[in-house]
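Student: got a predicted structure plus its sequence, pasted below:
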Amino acid sequence: LITVFPNFCVSCSGIETRNSLHIDRRSCYSRILALSLFGDDNALIPTQTPPSIRFMNHPLASIGDRFTAQFVDGLIALAIGALCYQMAKYLGWPLELMFGGWLVYLLVCDGLPNGQSIGKMLTRSSVVHVESGEPCKYWQSCVRNFSLIVFGLIDCVFLVGPARRRLGDYLGRTKVVRLG
């Protein structure tokens, strides 16, 4: 890494900037701590893995896991819709707001932290970008779930292919991986 990134600090996994107080490897606080504790600056191994590397080598989620996660998310969206209905009824607002709550959750649920909706957390799966492996962003979640709402069963037919990706996954450039 030092030849590719000349300002890369092996001790703390930080890429230095020109205006940084972290001038070189000799002034790295992580290195100083490792030297004082272990007598060796190679004893310190970076503990955080970037999200793009973290999700790249995970296997694809099974079709059963994907349907289970979608079913759970559908129930949660239904509960949110019912809650919005009750709130709108109580406040005297238009009752159509229940569709807004339902729709918002279904569209953005896969953009939650680590690309995991509540259903995906239960099935230990995650939505990631197909090329970089980064967790799904909110806009990708909207694209992939909008196609499910519009095309329904036609969107799911694509799951039987070897890539196990729905039409929405192709449009959002995502895939669903199994985490554990």
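Tutor: On my side now, so go ahead.

Student: where do the helices sit along the protein?
Tutor: With DSSP state H, the ranges of helices along the chain come out as 29-38, 51-54, 63-91, 97-108, 118-122, 138-151, 153-157, 167-172.

Student: pLDDT weak spots in this structure?
Tutor: Within the chain, the segments meeting pLDDT under 70 span 1-56.

Student: rerun at 50
Tutor: 1-8, 10-11, 13, 15-25, 41-47, 51-52 (pLDDT under 50).

Student: I'd like the helices of the chain as TSV, with distance to Leu179 and mean neighbour count appended.
Tutor: Any C-beta I mention is one placed from the backbone N, CA and C, and that applies to glycine too. Below are those laid out as TSV (distance: least, CB to CB, whole Å; neighbours: other CB atoms under 10 Å):
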stretch	distance to Leu179	mean neighbour count
helix 29-38	28	14
helix 51-54	9	15
helix 63-91	10	16
helix 97-108	20	18
helix 118-122	9	19
helix 138-151	17	18
helix 153-157	22	14
helix 167-172	17	21
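
Student: out of these, flag the one nearest Val128.
Tutor: Closest approach to Val128 among the helices of the chain (CB to CB): helix 51-54, 8.2 Å.

Student: what residues does the closest residue to Ile154 other than its chain neighbours make contact with?
Tutor: Counting by CB to CB, 6 or more residues apart in numbering, Leu167 is the residue found nearest to Ile154 once chain neighbours are left out, at 7.2 Å. Contacts for Leu167 (CB atoms under 8 Å, 6 or more residues apart in numbering) come out as Ser147, Phe151, Ile154, Asp155, Phe158.
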